[in-house]
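Q: Next comes the sequence, and after it the predicted model I'd like to discuss.
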Amino acid sequence: MSKSTTIKSVEMLACDAGWRNYHFVKVTTADGLVGWSEYDEGFGAPGVTAAIERLSARVVGKNAFQHERIYAELFAATRPAAGGVVALALGAIENALLDVKAKALGVPCYDLLGGKIRDRVRVYWSHCATWRINHPDWYKPAITDLDGVKAIGREVREKKFTAMKTNIFVYTDGKPQGWRPGFGSPFEPEINVDRTVLRNLCMHLEAIRDGAGPDVDLLLDLNFNAKTEGYLKILRAIEKMDMFWVEIDTFNPQALGYIRRQSPHPISSCETLLGLREFLPYFTEQAMDVAIIDTPWNGVWQSMKIASAAEHFEVNVAPHNFYGHLCTMMNAHFCAAVPNLRIMETDIDRLAWDHELFTHVPEFVDGHLVIPDRPGWGTEPNEEGLRAHPPKNKGGLLNYGLKR
């Protein structure tokens, strides 16, 4: 196999993913190799497809093996507007190039990252209860009360997962509703945390813990749904609960460091940051116990650099992973190779047609993801399956709180 594998084309594909769409980059080389990556436009980042399309003109004709050079050239060309949607486009392109390179060499992508450290990765069941409450049309059975929350806790334990993560809910007449003002639903620009939110959150956590039992680790994701004062109120309210971590998003590293120093629980953060420059202020502030890295956004190669910096500051890392199966596999290779791993996020509740969209699906054994040894990422989108589920015009966070 020639190491001058020239890029012939860069294409974008998408499909229906229930409340959002899945998006993919397909890189084809002159000698017929195809590399894939998955990216996202639904997590507050519309327009990534347009950015990839515009940048692809600088990618076609290049040597796919030189992904670091291609990334550097694209960054230089977009430096005045670095970050945001442009950064996500660079990450998506880089991830597809890694797939090409690994397939050309006939090795799994983790071999490009320094080699496999572990054969299995411990995972936590993310959006546990959350998907079945917020998106009952897509994730079954729907959860409509605390009994349903307890039931999914039992399901986690019975399926031998060892950790689960949930979110904030407010119960009105016994029926749960997602409380996410940080994402505009409900729209409360001041974003305060009152007694009702605290009482309902504690009730929700106690129910899911009751179902799961004492031996399943419990994680809580607060997202951007409070200010510093509100986060501290929540941490005090759940002080006596046994929490694996509390996940907090804030764009102010000093504020997060202030919260962490008063928290009775480990703090994780940073899933929305892009590039090592954005992570460094959080590392120097010692603002979190675990740095969450979105490898589809940053690119897996660049994410390894962020993880190395985290190691210097004695911080473990975890991937942000709530997309399709290709993203899960991309994150699996990152987790297989990175030394300072804490745990891996994954969604166990899936769409009815998710298995139709990919050539291979993740394998879970006793709460661990088994690292595949197939070349590249170990799975590819099934283009026939994608065509059978055409993308919708709307979806993702932009629909949160939208009056219908």
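A: Sure, I can see it. Numbers count the residues shown, from 1 in each chain.

Q: From the chain's centroid, how far away is the helix or strand hosting Met203?
A: Of the helices and strands defined by DSSP states H and E, Met203 is found in helix 195-212. Here helix 195-212 is found 24 Å from its chain centre; the criterion is C-alpha atoms, centre = their mean, to the nearest Å.

Q: Please save the CA atoms from the next helix or strand after it in CSV.
A: Helices and strands here follow DSSP H and E; after helix 195-212, the next one along the chain is strand 217-221. The C-alpha trace of strand 217-221 is given here as CSV (Å, rounded to 0.1, in the frame of the first residue of the first chain):
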residue,chain,number,x,y,z
ASP,A,217,-22.2,4.3,40.7
LEU,A,218,-24.4,7.3,40.2
LEU,A,219,-23.4,10.3,38.1
LEU,A,220,-25.3,13.6,37.8
ASP,A,221,-25.0,16.0,34.8
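
Q: Check which helices and strands strand 217-221 sits against.
A: Contact partners of strand 217-221 among helices and strands, from 3 or more C-beta pairs under 8 Å, 6 or more residues apart in numbering; DSSP states H and E: strand 163-166, helix 195-212, strand 245-247. (Glycine included, C-beta is placed from N, CA and C.)

Q: Helices along the stretch 251-400 of the chain, start to end?
A: Using DSSP state H, counting those that start in this stretch, the helices found in the stretch 251-400 of the chain span residues 253-260, 276-284, 295-298, 300-312, 325-337, 383-388.

Q: Distance check, the residue lying closest to Gly44 once chain neighbours are set aside against Phe187.
A: If the residues on either side of it in the chain are set aside, Gly44 comes closest to Leu397, at 5.1 Å by C-beta to C-beta, 6 or more residues apart in numbering. With the distance defined as C-beta to C-beta, to the nearest Å, Leu397 ends up 13 Å from Phe187.

Q: quick one on the thing from earlier: what is the neighbour count of the residue nearest to Gly44?
A: The number of residues packed near Leu397 is 18, by other C-beta atoms under 10 Å.

Q: Let the chain start at 39 from now.
A: That works, and once the first residue is 39, the last one we named lands at Leu435.

Q: so it makes contact with Glu79?
A: No: shown here, Leu435 and Glu79 do not form a contact pair, counting by C-beta atoms under 8 Å, at 9.8 Å.

Q: which residues touch the residue nearest to Gly82?
A: The neighbourhood of Leu435, defined by C-beta atoms under 8 Å, 6 or more residues apart in numbering, consists of Gly80, Phe81, Gly82, Phe221.

Q: Can you flag the buried ones in those?
A: Neighbour-count burial (16 or more other C-beta atoms under 10 Å) applied to the contacts of Leu435 gives Gly80, Phe81, Phe221.

Q: which among those gets closest to Val123?
A: Comparing these against Val123 with C-beta to C-beta picks out Phe81 as the nearest, at 11.5 Å.

Q: quick one, longest helix in this structure?
A: helix 122-143 (DSSP state H).

Q: Next secondary structure element downstream of it?
A: Tracing the chain C-terminally past helix 122-143 and defining elements by DSSP H and E, one meets strand 158-163 next.

Q: Work out for me the element Glu106 sits within.
A: According to DSSP H and E, Glu106 maps onto helix 105-115.

Q: follow-up on the earlier one: export the contacts of Leu435 to JSON lines and tack on distance to Gly416, pLDDT and secondary structure?
A: Converted to JSON lines, those look like this (distance: C-beta to C-beta, whole Å; pLDDT from 0 to 100; DSSP: H, G, I helix; E, B strand; the rest coil):
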{"residue": "Gly80", "distance to Gly416": "24", "pLDDT": "91", "secondary structure": "coil"}
{"residue": "Phe81", "distance to Gly416": "24", "pLDDT": "92", "secondary structure": "coil"}
{"residue": "Gly82", "distance to Gly416": "28", "pLDDT": "89", "secondary structure": "coil"}
{"residue": "Phe221", "distance to Gly416": "32", "pLDDT": "93", "secondary structure": "helix"}
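
Q: Redo the residues you listed as CSV? Include distance to Ile45.
A: Written out in CSV, the entries for these read as follows (distance: C-beta to C-beta, whole Å):
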residue, distance to Ile45
Gly80, 27
Phe81, 27
Gly82, 29
Phe221, 37
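
Q: Return the closest of those with respect to Ile286.
A: Among the contacts of Leu435, and counting by C-beta to C-beta, the member closest to Ile286 is Phe221, at 14.5 Å.

Q: The helix or strand where Thr66 lies vs helix 363-375, what angle?
A: In the assignment (DSSP H and E), Thr66 maps to strand 58-67. For strand 58-67 and helix 363-375, the angle between their directions (axes from the mean of the first three to the mean of the last three C-alpha atoms, to 10 degrees) works out to 70 degrees.

Q: What pairs with strand 58-67, parallel or antiparallel?
A: In the sheet containing strand 58-67, the strands it pairs with under DSSP bridges are strand 45-55 (antiparallel), strand 72-77 (antiparallel).
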